[in-house]
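>>> Pasted the sequence and its predicted model underneath.
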There are 2 protein chains.
Amino acid sequence: MKHLLLAAAAASLAFPVTAQEPTPIPSPGEIAAAAPASDWIAIAASDLLVMDLAPDAQGKARRVVIQLMPAPFAQGWIGNIRKLAAAHWWDGTSVNRVQDNYVAQWGDATEKKALPKGLVPVPEGDYVVSRAGAAGWDAARAMRRSAPIIADPYASSQALWGWPVGRGNNGELWPVHCYGTVGVGRNLSPDTGSGAELYAVIGHAPRHLDRNIAVVGRVISGIEHLSSLPRGTGALGFYEDDKERVPIASIRLADTLPAAAQPKFEYLSTESDSFARYADARANRRDPFFIKPAGGADICNIPVPVRSIAAK
Amino acid sequence: MKHLLLAAAAASLAFPVTAQEPTPIPSPGEIAAAAPASDWIAIAASDLLVMDLAPDAQGKARRVVIQLMPAPFAQGWIGNIRKLAAAHWWDGTSVNRVQDNYVAQWGDATEKKALPKGLVPVPEGDYVVSRAGAAGWDAARAMRRSAPIIADPYASSQALWGWPVGRGNNGELWPVHCYGTVGVGRNLSPDTGSGAELYAVIGHAPRHLDRNIAVVGRVISGIEHLSSLPRGTGALGFYEDDKERVPIASIRLADTLPAAAQPKFEYLSTESDSFARYADARANRRDPFFIKPAGGADICNIPVPVRSIAAK
């Protein structure tokens, strides 16, 4: 039965993306898991958006946790998102669109719900930030960049401050679209969206959206509650029947939840030596399954490790 | 309500991946749709693998159609797959593993079902083919390459003969892993898998698997029946409870189905001028939604257009 995965061995032999046990040459997951505690950075509860969908058909809870981007990126839209969450605006809205290999999108399907006061329009120029401004925001950490700079067909890119970031020759930086990225739906330019209509990427990285639409965060837990939803059969994956929409029970900032109910996560510092070794191992897989290291990896195939602190 | 997608307009304004109506500057989808009939190549029924899953909870049929790779790629495994289909070997097996942002995998979960006679082991060397051999297979079409050669962190790549193909400096060619790619599960090297255990990619392109595992085809219809399945909660996304497995009613080569029941598809010739313009438009989106063309696209973000002939 040499040509079949053996049932007992399958977990360690099939595709060792998640390390199951130590191997002679550590896998990327093993490198991250072995990183010292000082290389992990806690994510503030005020930067976590907690979306509870209605329970599934079997009554199981469906929680999606989104990490919002830090300054200097996208803070105009994120300010709006904080106001929308504080106003409980999304409660009772729904996931209205699920397009295969693209996005799941949520918001007010009726398009009639009044927005809370105080939302601000954000200019298109804020799709990017200047490198000078970014360095000013955290000059010390900017000096300790350890992640590789990757040239790909779209741009140069690098993992910076915990996020995959594009780098322009003109000194601009911008967040890039990868699997799990959360962005802001918008109308035609010059509209940039308010933040009330959000999407999460559930397919191959749609990098052509970079610099064309606001990226505000990423799903760090529960993406399967979006990616496994039935695909919409209407144009662009919109649900054709209202009954297909997936109700959103609530969306809250984690710091407004009772302390005991606040999810806690941390990410591996992209400025750490551990991350540099992790990124190298993603680009050159040497764990036992592989016979031919690729010699490189695209920015979205080097996802920044994030883990639940409770699960440590 | 400027900051919300308008319901009536959403289909054409949100993310115009699929063209809804002609625009002043054609979208990639419009370019493909406008290609002359002579640029489309019919896929032989003998190269289509038709997988019927058991109906879903609502009783709806779930058909997945896979196009097998043409010579000179992966023909050893594909020969085995043809024998497995002819023996109705997969009937009564199941989808056993669904790992988010990675693969859905199917085969015999019991690992006890005897394989049909006549399957051949295939050497690891067949993960790649020599360019000389490939040109000999179809020298005329190889001379009319019109798709761009793309340098990415993994390798050079190009759409050739209807498929995304990696190009080595040493004259080697190999199929690359993109969303929807179908490959052969295997055990540790030197095992290469028989073809009885197959997977389809349901996430960001796992290009690190290129040249490490056999690519035998791609899902051209019904990928949503795999990508929207519940994720397995066991290691590597294996279903922990047997009842979670998704039964496979049958897998057949289309040419063994009654003529009226045979699905018919065609793909846009990657050697056509239409494809060159389509690829350019994918890399430089100029349709109205976009304000900043990327200037490039990775090979998996230029999917070869495939359409149902019946739907024309």
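Done, it's in.

>>> tell me the phi and psi of A:Lys243?
Torsion angles at A:Lys243 (phi, psi; degrees, to the nearest 10) stand at phi -70, psi -20.

>>> Quick check: chain neighbours aside, which residue is closest to the most centrally placed residue in chain A?
Closest to where the C-alpha atoms of chain A average out (Cα atoms, centre = their mean) is A:Arg218, at 2.1 Å. Excluding the flanking residues, the one nearest A:Arg218 by Cβ to Cβ, 6 or more residues apart in numbering or on different chains is A:Gly180, at 4.9 Å. Where you see a C-beta, it was placed from the backbone N, CA and C, and this is true even at glycine.

>>> The nearest residue to A:Glu224 once chain neighbours are set aside: neighbour count?
Closest residue to A:Glu224 apart from its sequence neighbours, by Cβ to Cβ, 6+ apart: B:Arg231 at 4.3 Å. If you count neighbours by other Cβ atoms under 10 Å in any protein chain shown, B:Arg231 ends up with 21.

>>> wait, B:Arg231 sits on B:Gly237?
Yes. Under the criterion of Cβ atoms under 8 Å, B:Arg231 makes contact with B:Gly237 at 5.8 Å.

>>> tell me, what's touching the two both at once?
B:Val98, B:Gln99, B:Asp100 (Cβ atoms under 8 Å, 6 or more residues apart in numbering or on different chains).

>>> Strands of the stretch 151-300 of chain A, residue ranges please.
Ranges of strands within the stretch 151-300 of chain A are A:156-160, A:163-167, A:172-175, A:181-184, A:198-201, A:215-221, A:246-253, A:265-268, based on DSSP state E, counting those that start in this stretch.

>>> okay, the ones you listed in JSON lines with mean pLDDT next?
Shown next, in JSON lines, are the strands of the stretch 151-300 of chain A (pLDDT from 0 to 100):
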{"stretch": "strand A:156-160", "mean pLDDT": "92"}
{"stretch": "strand A:163-167", "mean pLDDT": "95"}
{"stretch": "strand A:172-175", "mean pLDDT": "94"}
{"stretch": "strand A:181-184", "mean pLDDT": "98"}
{"stretch": "strand A:198-201", "mean pLDDT": "98"}
{"stretch": "strand A:215-221", "mean pLDDT": "98"}
{"stretch": "strand A:246-253", "mean pLDDT": "98"}
{"stretch": "strand A:265-268", "mean pLDDT": "98"}
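
>>> Rebuild the ones you listed as TSV, extending it with distance to B:Ala71.
Compiled in TSV, these are given as follows (distance: least, Cβ to Cβ, whole Å):
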stretch	distance to B:Ala71
strand A:156-160	37
strand A:163-167	39
strand A:172-175	43
strand A:181-184	39
strand A:198-201	36
strand A:215-221	41
strand A:246-253	45
strand A:265-268	45
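
>>> Minimum distance to B:Lys264: which of the ones you listed has it?
strand A:198-201 (32.2 Å; Cβ to Cβ).

>>> I'd like to know which helix or strand in chain A has the lowest mean pLDDT.
Using mean pLDDT, DSSP states H and E, helix A:10-13 stands out as the lowest-scoring helix or strand of chain A, at a mean of 34.

>>> Determine the set of other helices and strands touching the following helix or strand past it.
Going down the chain from helix A:10-13, the next helix or strand is helix A:28-33, by DSSP states H and E. Helix A:28-33 sits against helix A:273-283, with contacts defined as 3 or more Cβ pairs under 8 Å, 6 or more residues apart in numbering or on different chains; DSSP states H and E.

>>> Could you pull up the mean pLDDT of the helix it packs on?
Average pLDDT, helix A:273-283: 96.

>>> which residues touch the next helix or strand after that helix?
Scanning forward in sequence from helix A:273-283 by DSSP H and E, the next helix or strand is strand A:306-308. By Cβ under 8 Å, 6+ apart, the residues outside strand A:306-308 that reach it are A:Trp40, A:Ile43, A:Gln67, A:Ile220, A:Ser221, A:Pro263, A:Lys264, A:Phe265, A:Glu266, A:Tyr267, A:Leu268.

>>> so who does the fifth one touch?
A:Ser221 makes contact with A:Arg63, A:Val64, A:Val65, A:Pro263, A:Phe265, A:Ser308, according to Cβ under 8 Å, 6+ apart.

>>> who wins for neighbours among the residues you listed?
Greatest neighbour count in the contacts of A:Ser221, by other Cβ under 10 Å, goes to A:Val64: 24 neighbours.

>>> I'd like the distance between the closest residue to that residue other than its chain neighbours and B:Gly171.
Nearest residue to A:Val64, sequence neighbours excluded (Cβ to Cβ, 6+ apart): A:Gly222, at 3.9 Å. The spacing between A:Gly222 and B:Gly171, counted by Cβ to Cβ, to the nearest Å, is 46 Å.

>>> okay, those two: which has more neighbours?
Using other Cβ under 10 Å as the criterion, A:Gly222 and B:Gly171 rank with A:Gly222 on top: 19 against 14.

>>> where's the more buried one relative to A:Ala104, distance?
With distances taken as Cβ to Cβ, A:Gly222 is found 12 Å from A:Ala104.
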